[in-house]
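> Model the following, please.
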Amino acid sequence: MELHTALSGFIVLYIFMLAAFTGYEIIARVPAILHTPLMSGSNFVHGIVVVGALYTLLNATSLPEQIIGFVGVLLGAANAGGGYVVTERMLEMFKASGPKGAAGK
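Numbering: from 1, shown residues only. Here you go, the predicted structure:
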């Protein structure tokens with residue numbers, strides 16, 4: 001017995017819209033102090049996007065598929081790398097600017 005599962009365009013669109021709405025609702029309720037750890041965790045998700053884009057690129061059979069896969073890998077990697085840079089800069093804002101003993105002088 002062969003099991004064949006195919007997602008129609010409407011189901012894929014429904015899943016995308018549900019994920020976008022859920023993500024928006026979750027992010028909108030996060031306090032500002034938690035945005036840095038949340039952003040750091042979202043970088044992990046961007047890494048998964050890069051893996052998915054690599055999988056798509058490796059299974060591409062035509063030139064347009066290869067171009068889309070390459071652009072996906074490129075943008076996903078840039079997004080993940082940029083997220084880590086921004087997270088590092090945000091964490092630098094919470095560090096003390098001078099030596100501990102210099103505050104009382």
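> list the buried ones in the helix ranked longest in the chain?
Of all segments of type helix in the chain, defined using DSSP state H, the longest is helix 63-92. Neighbour counts over helix 63-92 (16 or more other Cβ atoms under 10 Å) mark 69, 72-73, 76-77, 79-80, 83, 87 as buried. Quick note: C-beta positions are derived from backbone N, CA and C, even for glycine.
> What helices and strands are in contact with that helix?
Counting contacts by 3 or more Cβ pairs under 8 Å, 6 or more residues apart in numbering; DSSP states H and E, helix 63-92 packs against helix 35-58.
> In contact with the most centrally placed residue in the chain, which residues?
In the chain, the centroid-proximal residue (Cα atoms, centre = their mean) is H46; its distance is 2.9 Å. Residues in contact with H46 (Cβ atoms under 8 Å, 6 or more residues apart in numbering) are 76, 79-80, 83.
> would you turn these into CSV with distance to S62 and pLDDT?
What follows is the contacts of H46, written out as CSV (distance: Cβ to Cβ, whole Å; pLDDT from 0 to 100):
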residue, distance to S62, pLDDT
G76, 21, 88
N79, 25, 84
A80, 27, 83
G83, 31, 79
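> what's the most distant pair in the residues you listed?
Across the contacts of H46, no pair lies farther apart than G76 and G83, at 10.6 Å, counting by Cβ to Cβ.
> can you state the direction angle for the lowest-mean-pLDDT helix or strand in the chain and helix 63-92?
Taking mean pLDDT, DSSP states H and E as the measure, the chain has helix 35-58 as its least confident helix or strand, at a mean of 78. Angle, helix 35-58 to helix 63-92, by axes from the mean of the first three to the mean of the last three Cα atoms, to 10 degrees: 160 degrees.
> Next, the buried residues of helix 35-58.
Buried residues in helix 35-58, counting neighbours by 16+ other Cβ under 10 Å, are found at 36, 40, 42-43, 46, 49-50, 53, 56-57.
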